[in-house]
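Enquirer: Pasting the sequence and the predicted coordinates here, then a few questions.
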Amino acid sequence: MGLVDRLRKRALVRSLLRVARGVALVAIITAVCYSIHLNAVATSWVFLITIVLQSLDSGFWESAAVSVFATASLDYFFTEPLLSLNVENPLDAVNLSTLLVVSLVITRIQSRSRAEALKARLQRDTMEALYKVGQDLLAVPPEGIAGRTILEPFLSEFHLSAVCLFHSASLECHTAGKSNGDLEAKTRAAYIAGEDAAYPDLRILVRCLRAGGPVKGAIGFEGLANPELAAPPLAAFASAAIERAEAFQSATTAAAHAQTETLRSAILDGLAHEFKTPLATILTAAGGLRATGSMQPEQIELAEMIEEEAARLGDLTSRLMRLARLDREELKPRIEPVDAAELIEMSMRRYSKIWPDRRIRFRKLGDTSEVRVDPELIGLAVSQLLENACLYSRPESAVILQLTPEGESVAITVWSDAPPIPKGEREHIFQRFYRGAAASRVAGGSGLGLYIARKIALAHGGDLALLDATPGMAAGVSFRLTIPAASREAALGA
Amino acid sequence: MALERSKLLVVDDEPALRRALRTSLAASGFSVSEARSGEEALAALDRAPVDIVLLDINMPGMSGVEACRRIRELSAQIGIIMVTVRDSEDDKVHALEAGADDFIAKPYHLRELVARLRAMLRRMTAKQCKPQSVLQAGALEIDIQRRLVTKGGEEIHLSPKEFDLLAYLVEHQGSPVMHTRLLQAVWGPEFGGEVEYLRSYIKTLRKKLETDPAHPEYLLTEPWVGYRFRNPDE
C-alpha cells in the first residue's frame, strides 16, 4: 500500500472517530434528557450546543451526520408519538426542521471559516518559507549557484523529501534529499518533453524553467505540501538562480578574455622594450665601426647595412610599442584646429620615401579641409591606413588618398589595388589581434593597427570603415576615415 | 674648448651599450667616462666634472629623471641629454622639467647622437663667449637687439608676439622647448595650458619664414612636448 493510501485511510478513520464521538454524545444527552423527561424544545437547544461544539473540530459532513442523528433522536424520543419517527403535530415538524436547518447552517459556516483559517495559515507559512528560501539563495556566492548548494534551502524550508534541478546548459542534474519515486528521471523527462508534469500518487511535481524564452532546465519537487501555492514561486526562484549563474559565467568569461588581450598587448610592449637596448647597442657599434675611419669601402657598406637594418627594426619596435600603449590606455585626444590636407601630405611624404615603388597620390575635393582633431593621433591613423595600402598592394601600383568634405565631417579615403578582403574576414579586420589570411602571408604587422586606427576615429566622434566599392575607383580595397570638420565645432559653439 | 677634449659621461645600466658607446664616441673624438647608475654618475661628477652627461632614463635604483635633477642642482653649466626608451611623451616632459637640455630616443643612429652632442657643445661655447645678438640660420638672419628678421636679405614683418616667440626659440636653438615654458616666457606666468595659441602663432611664423610651411626646416614640432628651433647650419 502506498503512502497516500495510508494517509487517506488514516484521515478516514479520524473522521469516523469524530462522527462516533458526536453520535455517542448525542446518545448520552438523549438518555439523560429522556430520563428526566425534558421536553422537545429544551432538548433541541442542548443538541444545538452539542452540534456547535462538534463543528469546532470537524468537517461539514461529519457535523452534518451528527446533526441528522440528533434530529432523528429528537423525533424518536421527544416528539409525539414517542418512540416513533412519525410526527403528528405540525408544530413539532417545524421544531425538528428548525433544529436540522440551524445545525446544518452553523456547521457549514463553522467548517468554512475553519477552512479559510487553515488556508490563511498555510499561505502565511508558505510565504515565510519562500522568503527564507529567497534569502538563502541570495546568500549563495555566484560560483556556487550551479551546484547542489541552492537546493538545500528548498529542501529544509519546505520539508521536501527530495528536490532535483536539471540545468540544460551544463546538462547537470543535482538532487538533494532522498527520492522514492526516481525524481531525477522524471525531472529530465519533463525537460525533454518541455512540459510540466505531476505524479500526485508519488507527490511529485516537475516544472520546466523558462525565463521569458526557451526552457533552461527543470525542477522536480517530491513531497511538496501545497504545490499550487508553492511550486510556481519556487520554480521562479530556480529560474532566477540559473540566470544568475549564467550571467556570472559569461561575465567571468568576458573578463578573462579582456584580461588575456590586455596581457598580450603588455607582452608585446615588454618585448619591444627589451629589444630597444640591444638594438641601440648594435646601432652604436655599427656607427662606431664607421667612425674609426680605417675601413675598406666594402666594410663601410656592410657596416651601413647593419646600421640600416637595425634602425628599421628599431622603427618597427617603436611602432609596436606605440600601438600597444594606445591599446592599453584610454585615448584622450588633444583637439586643435588642423588642416587635414597638411596631415595627409606629411604621412604621404614619409611613405613615399619608405615605399618608392608605390605611386602614392593625393586628391583633395572641395576647398575646406580644416578639422578639429588631435594631429598626432589622426596622423597615426592615416599612416596606418597608408602602411596597410602599401603593404598589400602590388609594386608599381597606385595608392590613392582622397579628402572629401561631407557636411559636418571630413572623409579621408585610402584606396589601393590590394586583393579584396574576403567576406568572412570583413567584419573581423577591426578586431584586436585579428590577422586575415592575406595578412599572415605578409611579413610584419601586429594585428593592432586597424583596431587602434578605428579606436582613434571613434575617440574623435568619427569612424573608420571598410568600403564595399568606391564609385569612380577601380576594384581594390578602400578604407574611409571620417573625422569632425572644424565647421561642426563652430556650429556647436554658436 | 676644443671638441677633441670634450668630456662625456655615459650613464647606462647596460654594459654592452656602455662599451659600444665608449668605443664609438671615442672614435668620434670624445673623451668618454662611464657610470652604471645615477648614484655612480653623481659620485663621478663630484670627482671629475664633464661637459655633457648622456643619461638613460630607465635605470634600477635612482631613476634617470631624479639623477638629472640632482646633476642640474650640482651644476647649471653641464649639458644633459636624456635617453628615453619608451615612446612616451610624458618621459620627455619629465626629463625637460628635471632640467635636461635635450632628449634622444633609443635606438638612435650614432651620427645623430654625435650631431646632437656637437651642437650642444657649440651652444655651450657660444653661451660662454659673448651673447650673440645676430644669428645666421640658413637663409634667415635674426637680429635680436634690433628685432629684425630677414630672409635672403629681405625683411620679414613679424608682430611683437611672433618675434618674442621666435626669439625665445632661437635663444634655445637646438633644444626642445616645452609648450608651458614658451607660453609663460612669451605670454606671461599665468599662461600654460593655451597650446592652441602656440599652434596658430607657429603656423603664422612658418608661413612667413619657411619655404614649405607643411615641411618646416626651422620651426620643428616636438610631438606632445613643444617646439624646437633648428639651425640648418649646425
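Expert: In hand now; what should we look at? Numbering: from 1, shown residues only, chains lettered A, B, ... in the order given.
Enquirer: measure residue B:150 to chain A for me?
Expert: Note on residue B:150: its distance to chain A, by CB to the nearest CB, to the nearest Å, is 26 Å. Glycine gets a C-beta too; all of them are placed from N, C-alpha and C.
Enquirer: Confirm for me that that residue is in contact with residue B:157.
Expert: No: using CB atoms under 8 Å, residue B:150 makes no contact with residue B:157, being 10.7 Å away.
Enquirer: And these two? Which one has more around it.
Expert: Counted by other CB atoms under 10 Å in any protein chain shown, residue B:150 and residue B:157 do not tie: residue B:150 has more neighbours, with 13 against 8.
Enquirer: For that one, give me its contacts.
Expert: B:140-141, B:156 (CB atoms under 8 Å, 6 or more residues apart in numbering or on different chains).
Enquirer: Go again with 6 Å.
Expert: residue B:141 (CB atoms under 6 Å, 6 or more residues apart in numbering or on different chains).
Enquirer: And it, its phi and psi?
Expert: phi -120, psi 150 (degrees, to the nearest 10).
Enquirer: Against residue B:142, how distant is it?
Expert: With the distance defined as CB to CB, to the nearest Å, residue B:150 ends up 8 Å from residue B:142.
Enquirer: how about the residues of chain A that lie near chain B?
Expert: Within chain A, the positions near chain B by CB under 6 Å from any CB of the partner chain are A:276-277, A:279-281, A:283-285, A:287-288, A:291-292, A:314, A:318, A:321-322, A:336, A:342, A:345, A:376.
Enquirer: shaky segments in the chain?
Expert: You didn't pick a chain, so chain A it is. A:1-4, A:144-147, A:211-212, A:438-446, A:469-474, A:487-494 (pLDDT under 70).
Enquirer: meant chain B, my bad for not saying
Expert: For chain B, the ranges with pLDDT under 70 are B:1-4, B:86-88, B:128-132.
Enquirer: What residues sit buried inside the single longest helix found in chain B?
Expert: Longest helix in chain B by number of residues (criterion: DSSP state H): helix B:110-128. Using 16 or more other CB atoms under 10 Å in any protein chain shown as the test for burial, helix B:110-128 gives B:110, B:113-114, B:116-124.
Enquirer: Check stretch A:46-54 too.
Expert: Going by neighbour count (16+ other CB under 10 Å), the buried part of stretch A:46-54 is A:46-48, A:50-51, A:54.
Enquirer: show me where the chain has strands.
Expert: If you meant another chain, say so; for now it's chain A. A:162-167, A:172-177, A:197-199, A:204-210, A:215-222, A:336-339, A:359-364, A:370-373, A:398-406, A:409-416, A:463-467, A:477-484 (DSSP state E).
Enquirer: actually it's chain B I care about, not the one you picked
Expert: Using DSSP E, strands in chain B cover B:7-11, B:31-35, B:52-56, B:79-84, B:102-105, B:134-137, B:140-143, B:148-151, B:154-156, B:176-178, B:219-222, B:226-229.
Enquirer: Distance of the residue most central in space within chain B relative to chain A?
Expert: Centroid-nearest residue in chain B, with CA atoms, centre = their mean: residue B:175, separated by 2.3 Å. Using CB to the nearest CB, residue B:175 is found at 21 Å from chain A.
Enquirer: That residue contacts residue B:102, correct?
Expert: Yes: taking contacts as CB atoms under 6 Å, residue B:175 lies within contact range of residue B:102: 5.5 Å.
Enquirer: Would you reformat the strands of chain A as TSV and include mean neighbour count?
Expert: Output for the strands of chain A, formatted as TSV (neighbours: other CB atoms under 10 Å in any protein chain shown):
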stretch	mean neighbour count
strand A:162-167	25
strand A:172-177	18
strand A:197-199	15
strand A:204-210	23
strand A:215-222	25
strand A:336-339	18
strand A:359-364	15
strand A:370-373	23
strand A:398-406	19
strand A:409-416	23
strand A:463-467	16
strand A:477-484	22
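Enquirer: Can you tell me which of these is nearest to residue A:310?
Expert: Closest to residue A:310 of the strands of chain A, according to CB to CB: strand A:359-364, at 26.4 Å.
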